[in-house]
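In: Predicted structure and sequence below. I'll ask about it afterward.
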Amino acid sequence: MTPTHLLIFAGSGLLAGILAGFLGIGGGVVLVPLLVALGYQPVQAAA
């Protein structure tokens, strides 16, 4: 994991938390598609 990935994960976690709280949905709805787009397997992203 590179420092760039860490920054992307931190920013996406913050964004997912804000969106999940604002919309009343689970954060995984936002994070799993993002992790898949970054190249992770769906099984890894959902774990």
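Out: That came through fine. Residues are numbered from 1 along each chain as shown.

In: what comes up buried for the longest helix anywhere in the chain?
Out: As assigned by DSSP state H, the longest helix anywhere in the chain is helix 3-23. Neighbour counts over helix 3-23 (16 or more other CB atoms under 10 Å) mark 12, 16, 20 as buried. Where C-beta positions appear, they are placed from N, C-alpha and C, glycine not excepted.

In: in what helix or strand does the residue nearest in space to the middle of the chain lie?
Out: For the chain, Leu31 is the residue whose C-alpha lies nearest the centre (CA atoms, centre = their mean; 2.6 Å). Assigned by DSSP states H and E, Leu31 belongs to helix 28-37.

In: and for that helix, what are the contacting residues?
Out: Contact partners of helix 28-37, identified using CB atoms under 8 Å, 6 or more residues apart in numbering, comprise 12-13, 15-16, 19-20, 42, 44-46.

In: Okay, now stretch 12-31: how far is its last residue from its first?
Out: Taking CA to CA, to the nearest Å, stretch 12-31 runs 7 Å from one end to the other.

In: For Leu15, see how far away the nearest residue to Leu19 once chain neighbours are set aside is.
Out: Residue nearest to Leu19 in three dimensions, not counting chain neighbours: Val30, with 5.4 Å by CB to CB, 6 or more residues apart in numbering. For Val30, the distance to Leu15 equals 7 Å [CB to CB, to the nearest Å].
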